[in-house]
Structure formats: structure tokens, C-alpha cells
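Novice: what would the 3D arrangement of this be:
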Amino acid sequence: MGHLDHAAYGWLTPALSYVMASIGAALGLRCTVRALAATGASRRNWLLTAASAIGTGIWTMHFVAMLGFHVTGTEIHYDVPMTLLSLLVAVAVVGAGVFAVGYGRDRGRSLVLGGLTTGLGVASMHYLGMAALRLHGRIDYDPLTVALSVAIAVVAATAALWAALNIKSPVAVAGASLVMGAAVSSMHYTGMAAVAVRVAPSGAALPGATAMQFIFPLAVGLGSYLFITAAFVALSPGADEGAAVATSSMSRSATGRP
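Specialist: Next up is the predicted model:
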């Protein structure tokens, strides 16, 4: 049985992964709030941005945390196609949940469906990401702990979508995002607590890429995307601000002022 270290760099990777999860949640919730106040193509675009933000934030959180995951007696590599698939699944399934809320007519039913779909998407991303691990040995899971991690993911996703439907204030959204970030991090480390590795020492080269060759640069790129998109959303006017600008422009045109 290999000794597992989930924080080989101390608090750096858990803290940074929590920040990534919170930023993704904040951006996703803010975009969902904007979407619910919009119509037509604008609503669709805001929901697409929300799905990409939440999915990317969760994926980045997971793999930043995995940078601190080490197993005594074996190197760890990552299967590149499987890792990229986990990112696509995260965005696609989270998108299905967000769109269910964004276009659902029955708020209660949409919330349950969206929370279940999004939560299962979060869990699917996590375990697909774990399936991408390549090491000398075998990974086993405790079924009860896995089930608990999935339940945490569904509850966290449902709570986040409830916040998007009911909380409009940017300050309140920020608070909900911090809670969501903590919930996603809890889901990750609960899932990691289910892991047991039976190391089988070998001199054979492992397939795939190391974390620093592949995971680190991709996480940096996606993290940069989150920061840039967050800045864009923060600077773009909301529905109320846009209406105020339009009213002001019409008033100036009527009076002939520039």
C-alpha cells in the first residue's frame, strides 16, 4: 500500500485550488444572474459563459489540487486525451444544468434537475480526472466515501443554482461563491479520501505526461481565462445599467445635447 500525500506542497495547492473554484463559481453565478435578466441570444451567450466558467473553474480546482498529490514508490503521469475529456465533460454537463435553470419554466423542477445534472457533472469530471492517472500500481476506491463525494457535489451544485435564481446582489453572489468554492473543495478531498493505491514497483516507463509537463501549463492557461473573463464581466454593464445608459442617450437625443 503506497503512502498518499494530498498536500505535498503544504497549504499552497489546497488554498490555490479553493481560489480557482471560488472564482469559477463567482463568474458562473454572476453570468447566470445576467442570463436570467436577458432574453434571446444574449441569454444563451451568458449561459454559455456561465457553463464554461463553472466547468473550467471546477476542472482547474481539481488539477491544481492534484499537483500536490504524491504516492510513495511511484511516479504519477496523466493520460492527455482522458484529462482533456474530463474538461469537456465538466463544461458540457454543467452547461446542461445551467441551461435547465436558464430556460426552465418551473423554477422548482428546473432547480432540482439543474442541481442534479450539474452535481453529477462535477463528480464525473473528478473521477474521469482520476481515471487519467497513470502510476505503477492499482487505484481502489471506498464505495461509501465515493457516494458521499457525489452527494456533496449534487448538494453544492443545487445550492449554487438556487443562489443564482434568488440572489442578485454582487456582494451576496460573492459570499455564495466562497461557500460554493468550499463545497467543491470538500467534494474533491472527500473523493480523494476514498482513494487507496497498491504500488507495484516497476522500472518501466509510465505512459502519459507528468503534471509539470501538461497539467501545470494547462491549469495556468485556464486560470488566466477565468481572471480575464471575470474582469470582462465585472466591467460590462448589467441590465439595469444598460437600461440607464439607453434612457440617458434617448434623453440627450431629445434635447439635442451631445
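
Novice: show me what the helix or strand hosting Met61 is packed against.
Specialist: Met61 is part of helix 40-66 when elements are defined by DSSP states H and E. Counting by 3 or more Cβ pairs under 8 Å, 6 or more residues apart in numbering; DSSP states H and E, the packing neighbours recorded for helix 40-66 are helix 12-36, helix 80-103, helix 107-131, helix 170-193, helix 216-235. Placement of C-beta: from N, CA and C, glycine included.

Novice: so which of these is nearest Ala65?
Specialist: In terms of Cβ to Cβ, the element of the helices and strands packed on helix 40-66 nearest to Ala65 is helix 12-36, at 4.0 Å.

Novice: still on that earlier bit, quick one: the helix holding Met61 to helix 80-103, angle?
Specialist: 140 degrees (axes from the mean of the first three to the mean of the last three Cα atoms, to 10 degrees).

Novice: roughly how far is helix 40-66 from the heart of the chain?
Specialist: 6 Å (Cα atoms, centre = their mean, to the nearest Å).

Novice: so which elements touch the next helix or strand after it?
Specialist: Scanning the chain past helix 40-66 towards its C-terminal end, the next helix or strand to appear is strand 70-71 (assignment: DSSP H and E). Packing contacts for strand 70-71, counted by 3+ Cβ pairs under 8 Å, 6+ apart, involve strand 4-5.

Novice: show me what the strand it packs on is packed up against.
Specialist: Contact analysis of strand 4-5 by 3+ Cβ pairs under 8 Å, 6+ apart lists strand 70-71, strand 195-199 as its packing neighbours.

Novice: I appreciate the help and will end here.
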